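K.L.:
Give me a 3D structure for the following:
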Amino acid sequence: MATTIIPQGYAPSLNLYDTQKAIGLLKRLFEDTLAGALNLRRVSAPLFVEASTGLNDDLNGVERAVSFDVPFASKDAQVVHSLAKWKRMALYRYHFSVGEGLYTDMNAIRRDEELDNLHSVYVDQWDWEKVIAPRDRTEDYLRRTVEAIAQALRETQTTLRSAFPVLNRLPQVDGQVAFVTAQELEDRWPDLSSKERERAYVREHPLTFLMGIGGALKSGQPHDGRAPDYDDWALNGDLLVWNSVLEDAMELSSMGIRVDPAALDRQLTLSGHDERRGLLFHKLLLEGKLPLTIGGGIGQSRLCTYLLGKAHIGEVQAGIWDEKTLSICEEAGVILL
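P.N.:
Residues are numbered from 1 along each chain as shown. Presented below is the predicted three-dimensional model:
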């Protein structure tokens, strides 16, 4: 069961007023830097999608979407979990070319999330997607994209520290990204859980990209769940950082090169979801009509929590919390928005 822990002696670096100023600056800085680095254009994004299209993100395959009917349209809708599949359809509909991409301000509700320091029911992230050529479906291309995102993170932190010098007491995002596969972590620590392996590795490598998530490892179990219809499980990963406030590994982004028709065909069968082949998105993809893409999501509130040195994500976003979390934060003098 997830729970909230406020480190002993924790005190926020910024007061409430300066926190709001810093959040605004951080979001503008990172968004512009990311868009420039990856050649992305901002587009408007939906809060909900039609349930029958198969466009909603199934995340780990078990989370329930918030659903409602639209009587006037005689249709059922779902509040998005993320825009992983919607973005690829948008690139197709808007006729983006190879090397061009889009990003959105994605807002989602994940009703089944277990609430803790870094997880909330409300999710906000920069969801991005970019058209690539067949020759780009490689680990090398994935790595270069990760490096570009890491550099955007470094540049954002540098400017943020100039505006708010008190943040200089937090660790700097520097050094090279350490690339490692989920299988390598399992080989090294076979007796640890997935999260324990992440913690052990990221403690040694504060900026890590963990690759190969979704498919079964040698143990027969995946490192973590991934829906079968967006990431290619052999060409994806999570960008992890070491959170010095919480003394733990922290995921900032999940991303990857997306499935091509062959990968989708294989992963639908492996995951037992062959029934999705008849949905609009899946039919178009299996017929080779959708562009090849790379994409991901970067948590806005998570990035703010990390770069502003906050102990709880509720210090940078408004949300609903359980009574135990509210009590723990109140006792520690932590103000949740």
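K.L.:
For the strand ranked longest in the chain, name the packing helices and strands.
P.N.:
Across the chain, the strand with the greatest residue count (assigned by DSSP state E) is strand 231-243. With contacts taken as 3 or more Cβ pairs under 8 Å, 6 or more residues apart in numbering; DSSP states H and E, strand 231-243 sits against helix 139-163, helix 194-204, strand 207-211, strand 248-258, helix 261-270. The way it works is simple: take the backbone N, C-alpha and C, and place the C-beta from them, glycine included.
K.L.:
average pLDDT for whatever helix or strand comes next after the first one?
P.N.:
This points to helix 139-163. Next in sequence after helix 139-163, counting helices and strands by DSSP states H and E, comes strand 178-181. Per-residue pLDDT values across strand 178-181 average out to 98.
K.L.:
Can you list the buried residues in strand 178-181?
P.N.:
For strand 178-181, a neighbour-count test (16 or more other Cβ atoms under 10 Å) marks 179-181 as buried.
K.L.:
I'd like to know which elements that strand is packed against.
P.N.:
strand 207-211.
K.L.:
Need the residues that contact the strand it packs on.
P.N.:
When contacts are defined by Cβ atoms under 8 Å, 6 or more residues apart in numbering, strand 207-211 is touched by residues 139, 142-143, 146, 150, 173, 175-182, 185, 198, 201-202, 223, 235-242, 249.
K.L.:
Drop anything exposed from the residues you listed.
P.N.:
If you count burial by 16+ other Cβ under 10 Å, the buried members of the contacts of strand 207-211 come out as 142, 146, 150, 173, 177, 179-182, 185, 198, 201-202, 223, 235-242, 249.
K.L.:
Throw the helices and strands packed on strand 231-243 into CSV and include mean pLDDT and distance to residue 28, thanks.
P.N.:
Output for these, formatted as CSV (pLDDT from 0 to 100; distance: least, Cβ to Cβ, whole Å):
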stretch, mean pLDDT, distance to residue 28
helix 139-163, 97, 10
helix 194-204, 97, 28
strand 207-211, 98, 23
strand 248-258, 96, 18
helix 261-270, 96, 36
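K.L.:
Stretch 250-265: end-to-end distance?
P.N.:
With Cα to Cα, to the nearest Å as the measure, the ends of stretch 250-265 fall 32 Å from one another.
K.L.:
Measure how far that stretch is from the centre of its chain, please.
P.N.:
11 Å (Cα atoms, centre = their mean, to the nearest Å).
K.L.:
same check, this time on stretch 278-285
P.N.:
When C-alpha coordinates are averaged (Cα atoms, centre = their mean), stretch 278-285 and its chain have centres 24 Å apart.
K.L.:
Pull out the buried positions in it.
P.N.:
279, 281-282, 285.
K.L.:
and that stretch, what's its mean pLDDT?
P.N.:
Taken as a whole, stretch 278-285 carries a mean pLDDT of 92.
K.L.:
CA atoms of it as CSV?
P.N.:
As requested, the backbone C-alpha atoms of stretch 278-285 are provided in CSV (Å, rounded to 0.1, in the frame of the first residue of the first chain):
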residue,chain,number,x,y,z
GLY,A,278,-10.8,-4.3,-34.9
LEU,A,279,-10.6,-0.9,-33.3
LEU,A,280,-10.0,2.1,-35.6
PHE,A,281,-6.5,3.0,-34.3
HIS,A,282,-5.3,-0.5,-34.4
LYS,A,283,-6.7,-1.3,-37.9
LEU,A,284,-5.0,1.8,-39.3
LEU,A,285,-1.7,0.9,-37.7
